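Asks: Have a look at this fold, sequence not included:
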């Protein structure tokens, strides 16, 4: 589990105070590592090791998001989620699960969880997922615009604007999320399974053609008439690189 985190614009509540995140995991070392990473972001963090503690903490602490382990010693994450949502129907929840089966992920999302990560996970990924959940639900705002830059391709994540050179590129919501994932991983080859998991939040078999389709849509908008940035690595996946090779 990586302990390195990257500095990003501070995420704050709409009243200017630090966002609050509740970390629920009965493995103390995981809870502590996560807490350290989240506090590094400037967020206020509270931890709980059981479902009962989690429900009580959510009532008192009123978190803006919850990182919730699916397996707890008293009752499972789905029951914790149900009890939390009785208090706050809109609280964003990121499930932490050691189970790799698709059914378990689907169960969490069907029960109302907003996203999930599978253990072992990187701390950067958990931070990024929580940040995305809180921004998506408009609980918090960035202090400054968050820009992704790869070569002459620039994405303003807050304004949902993309430019290549002097040209503005109009994308659908799904195209934007796909390009965002590629731009967050420049020069890294991403498999179809990884893209499905991150952009569409599922990894069921037989859906790889969805990735191919949206990659083709992106190419028409990002690369058309220019030196290509989106490349296919046959049998492996896709990679985004600056057109000048720098």
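Replies: Happy to help now that I have it. Everything numeric in this text was worked out from a predicted model, so none of it was measured. Numbers count the residues shown, from 1 in each chain.

Asks: domains in this protein, as residue ranges please.
Replies: Domains of the chain are assigned by the TED database as 20-139, 147-240.

Asks: most tightly surrounded among these?
Replies: domain 20-139 (a mean of 18; mean count of other C-beta atoms under 10 Å). No exception for glycine: its C-beta is placed from N, CA and C like everyone else's.

Asks: and that domain, how far out from the chain's middle?
Replies: Centre-to-centre, domain 20-139 and its host chain are 13 Å apart (C-alpha atoms, centre = their mean, to the nearest Å).

Asks: Show residues contacting stretch 16-27.
Replies: The contact list for stretch 16-27 (C-beta atoms under 8 Å, 6 or more residues apart in numbering) reads 11-13, 31, 34-35, 38, 42-51, 53-54, 57-58, 61-69, 71-73, 77, 80, 96, 130, 134, 139-140.

Asks: Quick one: mark the members of those that sit in helices.
Replies: 31, 34-35, 38, 51, 53-54, 57-58, 61, 77, 80, 130, 134 (DSSP state H).

Asks: thinking again about what came up before, would you turn the domains of the chain into TSV with mean pLDDT?
Replies: Output for these, formatted as TSV (pLDDT from 0 to 100):
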stretch	mean pLDDT
domain 20-139	86
domain 147-240	87
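
Asks: Tabulate the ones in helices among the contacts of stretch 16-27 in JSON lines, adding columns for distance to residue 117.
Replies: Shown next, in JSON lines, are these (distance: C-beta to C-beta, whole Å):
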{"residue": "31", "distance to residue 117": "15"}
{"residue": "34", "distance to residue 117": "11"}
{"residue": "35", "distance to residue 117": "16"}
{"residue": "38", "distance to residue 117": "14"}
{"residue": "51", "distance to residue 117": "19"}
{"residue": "53", "distance to residue 117": "21"}
{"residue": "54", "distance to residue 117": "17"}
{"residue": "57", "distance to residue 117": "20"}
{"residue": "58", "distance to residue 117": "20"}
{"residue": "61", "distance to residue 117": "22"}
{"residue": "77", "distance to residue 117": "13"}
{"residue": "80", "distance to residue 117": "17"}
{"residue": "130", "distance to residue 117": "10"}
{"residue": "134", "distance to residue 117": "15"}
